[in-house]
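A.B. asks: got a predicted structure here, sequence first:
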Amino acid sequence: MAVSEVKICNLALRKLGARLIESLSDSSQEAVTCNLFYDQVRDAVLREHPWNFAASRIRLAKLADNPAFGFVHQYQLPSDCLHLRQLNSPDDEFVVEGDKILTDRDGASAVYTMKVTNPVLFDPSFVMAFAARLAAEMADDITGSTTKAREMWTLYLNAMQSARLADSAEGREDNIPSDPWLEARGIHGMDSPVWRA
């Protein structure tokens, strides 16, 4: 069976020993609680680790206005960005302020964690970690037991450790490659290799 929002919720509910749901539109306490927590927990777990399935690369849109101080340039943060991992090089300094990226890098590109909402795209290790975190967040509402909540948090931390090991074995993140157009104009510093799996 393909991964779905309901399946992930039921994995979490099963860990809590609660009734399973058939739909997120159910009127049951379990479905209402799943609806309350699902999106926020998904995004939180996506931010916790640089998941390969959620990686995206983009050449950033430079904004006309420069920062008042501290940095030379500012760029628009991608609308689907949950966590900015790096700019062209791991050495590039930057800060995220609101929906803007401030940096001294001209012609900046970025690697970031995007907001993935389609469960079919989730890595199996992410699904297990997500379900454990969802169970931890819902435990008090569903079971009324702080002991169960602590148990689920431990399960989540263990699931994340396993997921990190599995995910990191699939490749490593290197610098973003050169842009010939910029190099032809004498703007260097983007001559690093691409990702290699």
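C.D. replies: Great, that's in hand.

A.B. asks: now do stretch 74-92, average pLDDT.
C.D. replies: Mean per-residue pLDDT for stretch 74-92: 95.

A.B. asks: identify the residues contacting it?
C.D. replies: Residues from elsewhere that reach stretch 74-92 (CB atoms under 8 Å, 6 or more residues apart in numbering): 43, 46-47, 50, 54-56, 58, 60-63, 65-67, 94, 96, 98-105, 107-115, 173, 175-176, 189-190, 192. Backbone N, C-alpha and C define where each C-beta goes, glycine included.

A.B. asks: give the buried residues for it.
C.D. replies: Residues 74-75, 77-78, 81-84, 86-89, 92 are the ones in stretch 74-92 that count as buried (16 or more other CB atoms under 10 Å).

A.B. asks: could you dump those residues to JSON lines with distance to residue 128?
C.D. replies: Below are these laid out as JSON lines (distance: CB to CB, whole Å):
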{"residue": "74", "distance to residue 128": "39"}
{"residue": "75", "distance to residue 128": "35"}
{"residue": "77", "distance to residue 128": "30"}
{"residue": "78", "distance to residue 128": "28"}
{"residue": "81", "distance to residue 128": "25"}
{"residue": "82", "distance to residue 128": "19"}
{"residue": "83", "distance to residue 128": "20"}
{"residue": "84", "distance to residue 128": "26"}
{"residue": "86", "distance to residue 128": "27"}
{"residue": "87", "distance to residue 128": "32"}
{"residue": "88", "distance to residue 128": "34"}
{"residue": "89", "distance to residue 128": "33"}
{"residue": "92", "distance to residue 128": "34"}
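
A.B. asks: the most centrally placed residue in the chain: what's it in contact with?
C.D. replies: Centroid-nearest residue in the chain, with CA atoms, centre = their mean: residue 46, separated by 2.8 Å. Contact partners of residue 46, counting by CB under 8 Å, 6+ apart, are 54, 82-83, 113, 115-116, 126.

A.B. asks: who wins for most neighbours among those residues?
C.D. replies: Neighbour tally across these (other CB atoms under 10 Å): the maximum, 28 neighbours, falls on residue 126.

A.B. asks: residue 29 versus that residue, what's the distance?
C.D. replies: Distance, residue 126 to residue 29, using CB to CB, to the nearest Å: 26 Å.
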